[in-house]
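Asker: Let me see the structure of the following:
(chains A and B)
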Amino acid sequence: MTVTDSRQPAAGPDAEVAAIAVTGLVYAFGQTRAVDGIDLTVPAGEVFGLLGPNGAGKTTAIRAMTTLLKVPPGMIRVFGRDVARDRMGVRRLLGYVPQQLSADSGLTGRENVALFARVFDIPRRERAERVAEALEIVGLADVADRMAGTYSGGMVRRLELAQALVTAPRLLILDEPTIGLDPIARTSVWERIDDVRAATGMTVLVTTHYMDEADQYCDQLALMHKGLIRATGTPESLKRDLAAAWHDAGRDAEPTLEDVFRHFADSELLGDQEGGTFRDVRRSRHTASRVG
Amino acid sequence: MSAVPVTPHPVSADAAPAAPAAPRLLYKPAEVRTGWRVLPTRMAAMCAVEIQKLRHDRTELYTRAIQPALWLLIFGETFTRLRAIPTGGLPYLDYLAPGIIAQSAMFIAIFYGIQIIWERDSGVLTKLLVTPTPRAALVAGKAFAAGVKSVIQAVVVVIIAALLGVALTWNPLKLLGVALAVVLASAFFSCLSICIAGIVLTRDRLMGIGQAITMPLFFGSNALYPVSLMPAWLRVISKGNPLSYEVDALRGLLIGTPSHLPLDFGVLALAALAGIAGASALLGRLAK
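Answerer: Next comes the predicted model:
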């Protein structure tokens, strides 16, 4: 599968401005540097996957991008707006679905979505209809008036998607949106995202642990480990590079994206402080087989 | 804006034959509203949520009515017979009723921080913090939502008091004043609670501190007895206790005792503002 042009949005005013531009982002919790100087560009209109093992710093990076963590000016721009200088402006462009399943269980699905329509200043005359449309598009129209506390995990996640989409965000940020969901729920979440993106040209930044999802749905990937970006590229180019490295090492096999992930994440297990290079491939494969 | 239609993604187009009808509004960017309207709209949104929740689950409303009812029925009726407290000729029950309204409203507000911690733990707060809502507006919204809850509680206590034969005013303007005093005081106490939540960060610690401060606030006020009965040191504490000003205002408005309404409302408004400022500053700690 190659990244086809049909995935790219038509060139608009946003075409030149990156959806997210990160320069030298550093964030430390006390002595621990969760993000240790990353540069990242998420082109407008793409589905961009941020991959990495647990504790890689993905969530911290995302929380900085969503204005939840304070960073100095100049580090992160969202559609050209500095998150440190124009928090409100940035937030107006964002739809955010955090890692944790979170809906107010004391409200109905519809009320949960309506709250977000209200706090994003959707005018009253449009509100009810927008909320209904958002619930429709995530497939919750039939259960919209049930309490969110009665929803299954997959339904809560779709409800959160509706909360994020009701404001027509230009940038949708999803932190492990499909974690803990069954395969059907996972597919369903991704299909909803894809539908909206196809219709609006919305940019999507997503973190995930599921390599099959990253491979299938992301236009571009960045692999993060220990607070640093170790590799970026399309799923194809990442696999191609590893295949070439394998070939050089005398191994003829088609690497999957999971191999790429293991390559960058596992190389650290051997105490390789330099981070992954494709030369470590054989050593990391050994580790991978030992680890299981 | 980026509402440029593009060719649909082939995968989803094929795999979802029963796609819902194309939304009319959802794909249009929302209008942007800024300036002074942000604060009132956020406050309205938070209050709406609080009312919706109460509508779905009225248990809290009923269970919370038990304690003030017992205060009035047992404590009030008994002390009315004792005639131990100088109330300036009022039946003690009449004297007590505004104090119990203030107390029960405070009890709701002082534990409001628990809800904030719950919202933090459940991720709801995080999502709200990423909306175009300044923290002060979010806190003010929450504070007034707590006020709405307290006003509903106050209505219940007023009805109980009226049933017990307390001679209350039914002047709508005065009742509006009562609602305002309750909202302002609840805003202060809920912000105090959010401040504590922002400092201690866990539900258990907040519960402990909340329980530790509610009784001193209650007994260190004029809710049960006139300030003039207190020892000198307690009188000083009572002067700095917003609950005393709330009770003074409620008593003046509901029963018609001599009170200092401009001072009372002034102190309550200032306390609410200070509470909102403090809680907004500390809210960020809950977001980390």
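Asker: so what's the closest residue to chain A within the stretch 1-150 of chain B up against?
Answerer: Residue nearest to chain A within the stretch 1-150 of chain B: B:G123 (2.8 Å; C-beta to the nearest C-beta). The C-beta positions use only the backbone N, C-alpha and C, and glycine is treated the same way. By C-beta atoms under 8 Å, 6 or more residues apart in numbering or on different chains, the contact list for B:G123 reads A:P98, A:Q99, A:Q100, A:L101, A:S102.
Asker: Could you single out the nearest of those to chain B?
Answerer: The closest of the contacts of B:G123, once distances to chain B are taken by C-beta to the nearest C-beta, is A:S102, at 2.8 Å.
Asker: pLDDT at the closest one, what is it?
Answerer: Per-residue pLDDT puts A:S102 at 89.
Asker: give me phi/psi at the closest residue to it other than its chain neighbours?
Answerer: Ranked by C-beta to C-beta, 6 or more residues apart in numbering or on different chains and with sequence neighbours excluded, the top spatial neighbour of A:S102 is B:G123, at 2.8 Å. Backbone torsions for B:G123, taken as degrees, to the nearest 10, come to phi 90, psi -10.
Asker: ok, A:A64 - how many residues close by?
Answerer: 24 (other C-beta atoms under 10 Å in any protein chain shown).
Asker: Please name the residues that touch whichever residue of the stretch 151-288 of chain B sits closest to chain A.
Answerer: Closest to chain A within the stretch 151-288 of chain B is B:A287: 5.6 Å, counting by C-beta to the nearest C-beta. Residues near B:A287 by C-beta under 8 Å, 6+ apart: A:L68, B:R120, B:L125, B:T126, B:L129.
Asker: one step back: before we move on, what's the pLDDT of the residue of the stretch 1-150 of chain B closest to chain A?
Answerer: So, for B:G123, pLDDT stands at 87.
Asker: same thing with A:L270?
Answerer: Confidence score, pLDDT, at A:L270: 44.
Asker: Please apply the same query to the one 4 residues further on.
Answerer: We note a pLDDT of 41 for A:E274 in this prediction.
Asker: How about the one 10 residues further on?
Answerer: Looking at A:S284, its pLDDT stands at 40.
Asker: Kindly report the domain assignment for chain A.
Answerer: Residue ranges for the domains of chain A, per automatic domain parsing: A:16-230, A:234-291.
Asker: Just the helices from the stretch 51-200 of chain A, written as ranges.
Answerer: A:58-65, A:87-93, A:109-119, A:124-137, A:153-165, A:183-200 (DSSP state H, counting those that start in this stretch).
Asker: Run the chain-centre distance for stretch A:41-50.
Answerer: Here stretch A:41-50 is found 9 Å from its chain centre; the criterion is C-alpha atoms, centre = their mean, to the nearest Å.
Asker: Quick check: end-to-end length of that stretch?
Answerer: End-to-end distance for stretch A:41-50: 11 Å, by C-alpha to C-alpha, to the nearest Å.
Asker: Is that stretch in proximity to chain B?
Answerer: Yes: contact of stretch A:41-50 with chain B (C-beta under 8 Å from any C-beta of the partner chain) involves A:A44, A:G45.
Asker: Report the residue spans of the chain with pLDDT below the cut-off.
Answerer: No chain in the question, so chain A it is. A:1-15, A:267-292 (pLDDT under 70).
Asker: Actually, chain B is the one I wanted.
Answerer: B:1-22, B:33.
Asker: which parts of stretch A:173-191 are buried?
Answerer: By 16 or more other C-beta atoms under 10 Å in any protein chain shown, the buried positions in stretch A:173-191 come out as A:173-179, A:181, A:185-191.
Asker: quick check, nearest of those to B:S221?
Answerer: A:D175 (46.2 Å; C-beta to C-beta).
Asker: Assign A:V206 to helix, strand or coil.
Answerer: On the three-state scheme (DSSP: H, G, I helix; E, B strand; the rest coil), A:V206 is labelled strand.
Asker: what sits against the residue lying closest to it once chain neighbours are set aside?
Answerer: Nearest residue to A:V206, sequence neighbours excluded (C-beta to C-beta, 6+ apart): A:L174, at 4.5 Å. Applying C-beta under 8 Å, 6+ apart to A:L174 gives the contacts A:V97, A:I193, A:V204, A:L205, A:V206, A:T207.
Asker: hang on, isn't the last one packed against A:L51?
Answerer: Yes: the pair A:T207 and A:L51 qualifies as a contact (C-beta atoms under 8 Å) at a distance of 7.1 Å.
Asker: For PyMOL, write the select line for the buried members of the contacts of B:G123.
Answerer: Buried residues within the contacts of B:G123, by 16+ other C-beta under 10 Å, are selected in PyMOL with:
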select buried, chain A and resi 98+99+101+102
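Asker: Any chance of a markdown table for the contacts of B:G123, columns distance to B:L261?
Answerer: Shown next, in a markdown table, are the contacts of B:G123 (distance: C-beta to C-beta, whole Å):
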| residue | distance to B:L261 |
| --- | --- |
| A:P98 | 46 |
| A:Q99 | 51 |
| A:Q100 | 47 |
| A:L101 | 49 |
| A:S102 | 43 |
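Asker: Tell me the bridge partners for the residue nearest to A:V206.
Answerer: For A:L174, the beta-bridge partners are A:V97, A:V206 (DSSP bridges).
Asker: Relative to B:A102, how far out is B:H260?
Answerer: 15 Å (C-beta to C-beta, to the nearest Å).
Asker: of those two, who's got more company?
Answerer: Neighbour count, other C-beta under 10 Å: between B:H260 and B:A102, B:A102 has more, with 33 against 13.
Asker: Run a quick check on the more buried one versus B:L224, I expect a contact.
Answerer: No: B:A102 is beyond contact range of B:L224, at 10.7 Å (criterion: C-beta under 8 Å).
Asker: hang on, the earlier thing: looking at the contacts of A:L174, which one is closest to chain B?
Answerer: Closest approach between those and chain B, by C-beta to the nearest C-beta: A:V97, at 8.0 Å.
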